[in-house]
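Novice: Provided below for reference: sequence and predicted model.
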Amino acid sequence: MLKAMDSAVAGLRAHQNKLDVIGNNIANVNTNGYKAQNYTFKDSLYTTAASSSGGQATNGSATVGGINASQYGYGSMTGVISTDMSSSTPSYVTLHRLRRKTAR
C-alpha cells in the first residue's frame, strides 16, 4: 500500500513540475527573447518481483500458457527541462546591427 502511495505522489510531483514549465511558457509568450522550454518524464527505479516464463507443451498437443513478469516501481520523476534555442524573435540589438551594416 505504501509503495503505491509513494509512486502516486512521485507522479503528481513530476506532473506539477510539468505544469509549472507550461505556465512559465504561457506567462512569457510575449516577452522578447524568451526561449520556450520542454519537459520530459523519466521512470524511477523499477524492481522485478517475479520473472516471466514461457509456455510449456503437455501431452504433445496442448500448450499451457506462461507467466507474465511482475514489476513494481517508484513512479516518475523529472527527466529533462530543455530550452529550445533555435526558435526566437529578432531582438532590438540584432536589428540595430543589421541596420548599421546596410547603411554603410
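Specialist: Noted; the coordinates are in hand.
Novice: which phi and psi does Tyr39 have?
Specialist: Here is the backbone geometry of Tyr39 (degrees, to the nearest 10): phi -120, psi 130.
Novice: So what sits opposite it in the bridge?
Specialist: Beta-bridge partners of Tyr39, counted by DSSP bridges, are Ile81.
Novice: Relative to Val29, how far out is it?
Specialist: Look at Tyr39 and Val29: by C-beta to C-beta, to the nearest Å, they are 16 Å apart. The C-beta positions use only the backbone N, C-alpha and C, and glycine is treated the same way.
Novice: Comparing the two, which residue is more hemmed in?
Specialist: The residue with more neighbours, out of Tyr39 and Val29, is Tyr39; 18 against 9, by other C-beta atoms under 10 Å.
Novice: Give me the pLDDT value at the more buried one.
Specialist: With respect to pLDDT, Tyr39 has a value of 86.
Novice: What of Ser86?
Specialist: On pLDDT, Ser86 comes in at 67.
Novice: got it, and Arg104?
Specialist: For Arg104, the model assigns a pLDDT of 55.
Novice: In the protein, where's the longest helix?
Specialist: Longest helix of the chain, by residue count under DSSP state H: helix 2-27.
Novice: What is that helix packed up against?
Specialist: strand 37-43, strand 70-73, strand 76-83 (3 or more C-beta pairs under 8 Å, 6 or more residues apart in numbering; DSSP states H and E).
Novice: can you rerun that using 6 Å?
Specialist: On a contact count with 3 or more C-beta pairs under 6 Å, 6 or more residues apart in numbering; DSSP states H and E, helix 2-27 meets strand 37-43, strand 76-83.
Novice: okay if I get those as a markdown table plus distance to Ala14?
Specialist: Output for the helices and strands packed on helix 2-27, formatted as a markdown table (distance: least, C-beta to C-beta, whole Å):
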| stretch | distance to Ala14 |
| --- | --- |
| strand 37-43 | 6 |
| strand 76-83 | 5 |
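Novice: which stretch among the ones you listed comes nearest Ala50?
Specialist: strand 37-43 (19.2 Å; C-beta to C-beta).
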